[in-house]
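*Asks:* take this sequence and fold it.
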Amino acid sequence: MSFRVLVDDNYHYMDESQRWTQGEYATYAEALAACTRLVDLCLDEGYAPGKTAEALYGYYTMFGDDPFIVEVSDSPDTSSGFSAWTDAKTRCEELCSRPPPQSRQEGWNATEGRTPAGRDAQTRAK
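*Replies:* Below you'll find the model as predicted:
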């Protein structure tokens, strides 16, 4: 059994012709990590210091990549339980509650603090 990550484009909502395959993974954890990386990259593009979580989430739902996982098998049920929108909403709240970097050189990176399984280490501790 393997897991395929497919990506829809929020800008082209419900247009399957815009769907692309990100990759295929041996484990669900690897596929999940690929999905959360894609969400983080989109959030990184839309983030600016001072932007609210609501504004960043609005940006994501309009323009971000919407990855999802399908199990590669003969089973008709291919749902994984991962929701990019739910993940993005949580990440927006986490990222926008951080203090902004002291300088532009310090930059900002949405993936900072992520574990390979795709969850923020501080959130998992709660």
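*Asks:* counting by contacts, list what the helix ranked longest in the chain packs against.
*Replies:* For the chain, the helix with the greatest residue count under DSSP state H is helix 28-46. For helix 28-46, the contact count by 3 or more CB pairs under 8 Å, 6 or more residues apart in numbering; DSSP states H and E identifies strand 2-9, strand 20-25, helix 53-63, strand 65-72, helix 84-96 as packing neighbours. To be clear about C-beta, it is placed using only N, CA and C from the backbone, and glycine gets the same treatment.
*Asks:* let me know the average pLDDT across that helix.
*Replies:* The average of the pLDDT scores along helix 28-46 is 93.
*Asks:* from what I see, Val70 and Phe3 are in contact.
*Replies:* Yes - the criterion here is CB atoms under 8 Å, and Val70 meets it with Phe3 at 7.1 Å.
*Asks:* and the two? Which one has more around it.
*Replies:* More neighbours sit around Phe3 than around the other of Val70 and Phe3, counting by other CB atoms under 10 Å; the figures are 24 against 17.
*Asks:* lowest confidence element among the helices and strands of this protein?
*Replies:* Sorting the helices and strands of the chain by mean pLDDT, DSSP states H and E puts helix 121-125 at the bottom, at a mean of 35.
*Asks:* list the contacts of the closest residue to Trp20 other than its chain neighbours.
*Replies:* Among residues not flanking Trp20 along the chain, Val7 sits closest, at 5.3 Å (CB to CB, 6 or more residues apart in numbering). Shown in contact with Val7 (CB atoms under 8 Å, 6 or more residues apart in numbering): 19-22, 38, 65-68.
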